[in-house]
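Undergrad: what's the 3D shape of this:
(2 chains)
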Amino acid sequence: MEIETPVRLAAPALELHINAEPAGDQFLRTSPELHMKRLMAAGAKKIFQMGPCFRRGERGSRHNPEYTMLEWYRADAGYAEILLDTKSLLLAVARDVKGTTDLEYQGRPLALAPFWERLTIAEAFLRWAGWDPVKNFDADRFDLDLVEKVEPRLPRETPVILTDYPAAAAALSRRKPGNPAVAERWELYLGGMEIANAYSELTDPVEQRARFEECAAARAKAGRQVYPLDENFLAELGQMPPTGGIALGVDRLVMILADLATLDEVLPFRL
Amino acid sequence: MYSASDLRKGLKIEMDGVPFDIVEYEFYRPGKGQAMYKCRIRNLLNGNVTDKTFREVDAIDQPDLEEREMQYSYNDGEHYVFLENRTYEQITLSPDVLGNAKYFLREDMTVKVLFHNGRAIVVNLPAYIEKEVVETEPGVRGDTATNVTKPAKIDTGFEIKVPLFINQGDWVRIDTRTGEYAERVAKK
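TA: Reported below is the predicted structural model:
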């Protein structure tokens, strides 16, 4: 079911490194995640939304302060089911707009079918950065090595799924049952570019509140604005069934499909 | 100190005591991670260009740089002597600080000298200078194509590539930043 949720919010999701654009005494959404989860908690089974999201200060060849996000959530599912959804979607879109699933991106072949490379974060970091962030997490080193050592070496010929993030980088995903050191989160890369982020959603309101509070403290310490906790979301989260969800950057997907190197070539009204 | 979010194209920074110039700059934020600033930076001492990614948490040193207008005075056989008009202060620079600029100097030429911690590190010339070709193969009459070149020497011994129609005794304009021929000019 296609749904719409508010664009202007009193309480954007707390994330250490994502800054919301103020809009009057409220904020433009950085993601529709919390409202969509409230719909899931209210009994929705499969919902999707495509619309604008805003992130303050993000501008680069792959970033724009306003961009289009596609999010969907599936009840009684986790990140594995969302991966199947994502494959079906990308194959259908490619066949529809390109007539084939054998794409070419920036001079290199990119075959969307049949094989998607799947690497755990531990495997990828041990292979290219020489350490295991699941065993010893170091946030600053993790971000830098991801950008300098891991992302540039990801295969380009097939889609790549980086999966099972260190629990410290779980964001709003749940820990893996039986292996709480990792979170059930994956990211999709096409042509070496990050396209989508998926979770088995965290449904425990106590742990969610603790993560928000930890994040609020870290934001305050870093001198960043601390957004209020979304108490409605926290009150209703306990009603949400096991759910898988994903956020997919539509503009970047268009870059891939149109074989364009920068967002400038995709966004006609970029300031 | 600069914070990483101060970075932009053209900003001068310092790392391990070496001044750098930011040539290219790109904002990037991986997934849920912190902001990164992917830069190409140029070492102001030797001109080498490298890639460097700064993290949001990085603090970056601000170099003590000063640019002063000076006039080229003379060469004492080894070193190059410059004068500051206003103060009559005189500095003496070795050929390696000048690099290719030493081939393009002219007496009384006004140049910009960049000082780092009080020491001259770069001499910036006017973008174009004009020089006489003192040695080259005879010109080919009527051939005005500029994509076919031959070597030519200017009076300081520096060799440039010029189009075939250039003759010995012609004056040419040279881009001092690249050391390349730009165009033929009227004789002086």
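Undergrad: Determine the three-state secondary structure at the nearest residue to B:Y37 once chain neighbours are set aside.
TA: Computed as Cβ to Cβ, 6 or more residues apart in numbering or on different chains, the closest residue to B:Y37 that is not its neighbour in sequence is B:F54, at 4.4 Å. All C-beta spots, glycine's among them, are computed from the backbone N, C-alpha and C. When classified by DSSP: H, G, I helix; E, B strand; the rest coil, B:F54 comes out as strand.
Undergrad: number of nearby residues for B:F54?
TA: B:F54: 24 surrounding residues under other Cβ atoms under 10 Å in any protein chain shown.
Undergrad: Tell me which residues touch the most far-flung residue of chain B relative to its centre, please.
TA: Each residue of chain B has a distance to the centre, and by Cα atoms, centre = their mean the biggest one is for B:K32: 40.8 Å. Counting by Cβ atoms under 8 Å, 6 or more residues apart in numbering or on different chains, B:K32 touches A:15-18, A:169, A:171, A:197.
Undergrad: With A:L91 instead?
TA: Counting by Cβ under 8 Å, 6+ apart, A:L91 touches A:101, A:112-113.
Undergrad: can we see that at 10 Å?
TA: A:101, A:112-114 (Cβ atoms under 10 Å, 6 or more residues apart in numbering or on different chains).
Undergrad: Between all of the contacts of B:K32, which two are separated the most?
TA: Farthest apart among these by Cβ to Cβ are A:L16 and A:N197. That separation is 15.0 Å.
Undergrad: which residues touch residue 186?
TA: Using chain A here. A:79-80, A:82-83, A:86, A:118-121, A:160-165, A:173, A:196-200, A:246.
Undergrad: wait, I meant chain B there
TA: Counting by Cβ under 10 Å, 6+ apart, B:A186 has contacts B:130, B:170-171.
Undergrad: Kindly write the ChimeraX command that selects the buried subset of those.
TA: The buried subset of those, as determined by 16 or more other Cβ atoms under 10 Å in any protein chain shown, is captured in ChimeraX by this line:
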select /B:130,170
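Undergrad: Those residues of chain B touching chain A, which are they?
TA: B:5, B:25-38, B:51-58 (Cβ under 10 Å from any Cβ of the partner chain).
Undergrad: Go again with 8 Å.
TA: B:5, B:26-36, B:38, B:53, B:55-57 (Cβ under 8 Å from any Cβ of the partner chain).
Undergrad: List only buried entries from these.
TA: For the residues of chain B next to chain A, buried by 16+ other Cβ under 10 Å: B:26-36, B:38, B:53, B:55-56.
Undergrad: The chain: helices as residue ranges?
TA: The chain I'm using is chain A. For chain A, the helices defined by DSSP state H occupy A:33-41, A:79-98, A:121-128, A:139-145, A:205-221, A:231-237, A:250-257.
Undergrad: oops, chain B please
TA: B:95-98.
Undergrad: how far away is the most centrally placed residue in chain A from A:L70?
TA: In chain A, the centroid-proximal residue (Cα atoms, centre = their mean) is A:N197; its distance is 2.6 Å. A:N197 sits at a distance of 12 Å from A:L70 (criterion: Cβ to Cβ, to the nearest Å).
Undergrad: Now do the shared contacts for these two.
TA: With Cβ under 8 Å, 6+ apart as the test, A:N197 and A:L70 both reach A:A247.
Undergrad: re the thing from before, farthest-apart pair in the buried ones among the residues of chain B next to chain A, please.
TA: Among those, B:E26 and B:K32 lie farthest apart (Cβ to Cβ), at 19.2 Å.
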